[in-house]
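**Student:** no FASTA, just this:
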């Protein structure tokens, strides 16, 4: 629509109106054009995997992208960074594929301990996480899902249950009680229960849980603020937009009282 306007005439007009010199206007216009070109060339790239499969460092910031669902995830990610202070780090390891739904990032040193116990809530028949945990660390694994899972690996103890806070639901604390693990230190708690995580926060942010690997769904500001209340005892060590779904974010929390175990 501005193709008929000559650049020289345009900058003179802007300079006169804003009381800038023509040179200053040209410099500003050039800077804006350079920024636009740069942003248009930036794409989302997955984090590179370090030695032994570890991710090292703090949560990373995704740049801009053309995909609407990725833009939404990036927006949620940035909102999380405004609410949480990431003040702990660990050696991170990837379970599953970063390019597929269901992948999880966790802290290696919390798994790599004697008598490791892991709980996995929700899997929809995908046991890649459990297989990776067992093959690397030999942890004792307890898993639950709302549907029967006939392909449950022999090394995992499966319980058919809907985890949450409803009349027909099983709370995480009651699951621990049924398994005889109410007073057991849980090396990691993986949560992927399709939105019911918001009903379980008081139950899962327990003093005997070392780390929480959680997929959170549709996180509006009020929900994120509610989650931030637990950061007195837990620190956020990793957060990633789920690249396979909109308004889904992967987060990892560490229990501060166990931080000395990985120092």
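**Tutor:** Sure, I can see it. For clarity, every value in this text was computed on a predicted model and none was experimentally measured.

**Student:** Name all residues that make contact with residue 115.
**Tutor:** Contact analysis of residue 115 by C-beta atoms under 8 Å, 6 or more residues apart in numbering lists residue 140. For every residue, glycine as well, the C-beta is placed using N, CA and C.

**Student:** hmm, try it at 10 Å
**Tutor:** 138, 139, 140, 184, 185, 187 (C-beta atoms under 10 Å, 6 or more residues apart in numbering).

**Student:** and if you look at residue 208?
**Tutor:** 117, 176, 181, 182, 183, 184, 185, 186, 189, 255, 257, 258.

**Student:** what do you get for residue 120?
**Tutor:** Contacts of residue 120 (C-beta under 10 Å, 6+ apart): 104, 127, 129-130, 133, 141-145, 156, 158, 188-192, 213.

**Student:** Mind giving me the packing neighbours of the strand or helix carrying residue 144?
**Tutor:** For residue 144, the host element (DSSP states H and E) is strand 140-145. Other elements packing on strand 140-145 under the criterion 3 or more C-beta pairs under 10 Å, 6 or more residues apart in numbering; DSSP states H and E are strand 117-121, helix 128-137, strand 156-160, helix 172-179, strand 188-191.

**Student:** Any chance of these in CSV with mean pLDDT and distance to residue 110 as columns?
**Tutor:** Putting the helices and strands packed on strand 140-145 into CSV (pLDDT from 0 to 100; distance: least, C-beta to C-beta, whole Å) gives the following:
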stretch, mean pLDDT, distance to residue 110
strand 117-121, 95, 10
helix 128-137, 93, 10
strand 156-160, 92, 19
helix 172-179, 92, 18
strand 188-191, 93, 6
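
**Student:** Please render those as CSV that adds distance to residue 227 to the earlier fields.
**Tutor:** CSV is the format used below for these (distance: least, C-beta to C-beta, whole Å):
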stretch, distance to residue 227
strand 117-121, 17
helix 128-137, 22
strand 156-160, 26
helix 172-179, 16
strand 188-191, 12
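
**Student:** Looking at these, which is nearest to residue 197?
**Tutor:** Closest to residue 197 of the helices and strands packed on strand 140-145 is strand 188-191 (C-beta to C-beta; 5.3 Å).

**Student:** Each with direction, which strands does the closest one pair with?
**Tutor:** strand 117-121 (parallel), strand 211-217 (parallel) (DSSP bridges).

**Student:** Check which element follows the longest one along the chain.
**Tutor:** Scanning forward in sequence from strand 211-217 by DSSP H and E, the next helix or strand is helix 221-228.

**Student:** and the nearest residue to residue 151 once chain neighbours are set aside, what is it in contact with?
**Tutor:** Take residue 151 and drop its neighbours on the chain: the residue closest to it by C-beta to C-beta, 6 or more residues apart in numbering is residue 125, 6.5 Å away. Neighbouring residues of residue 125 by C-beta under 10 Å, 6+ apart: 145, 147, 148, 149, 150, 151, 152.

**Student:** Sticking with residue 125, tell me its helix or strand.
**Tutor:** Judged by DSSP H and E, residue 125 forms part of no helix or strand.

**Student:** tell me the phi and psi of it?
**Tutor:** phi 80, psi 0 (degrees, to the nearest 10).

**Student:** Tell me where the protein has strands.
**Tutor:** 54-56, 91-95, 104-107, 117-121, 140-145, 156-160, 188-191, 211-217, 234-241, 248-255 (DSSP state E).

**Student:** Distance of the residue nearest to residue 151 relative to residue 213?
**Tutor:** Applying C-beta to C-beta, to the nearest Å, the value for residue 125 to residue 213 is 18 Å.

**Student:** likewise residue 160?
**Tutor:** Separation of residue 160 from residue 213 (C-beta to C-beta): 22 Å.

**Student:** Then residue 241?
**Tutor:** For residue 241 relative to residue 213 (C-beta to C-beta), the value is 15 Å.

**Student:** Then residue 179?
**Tutor:** Distance from residue 179 to residue 213, by C-beta to C-beta: 19 Å.
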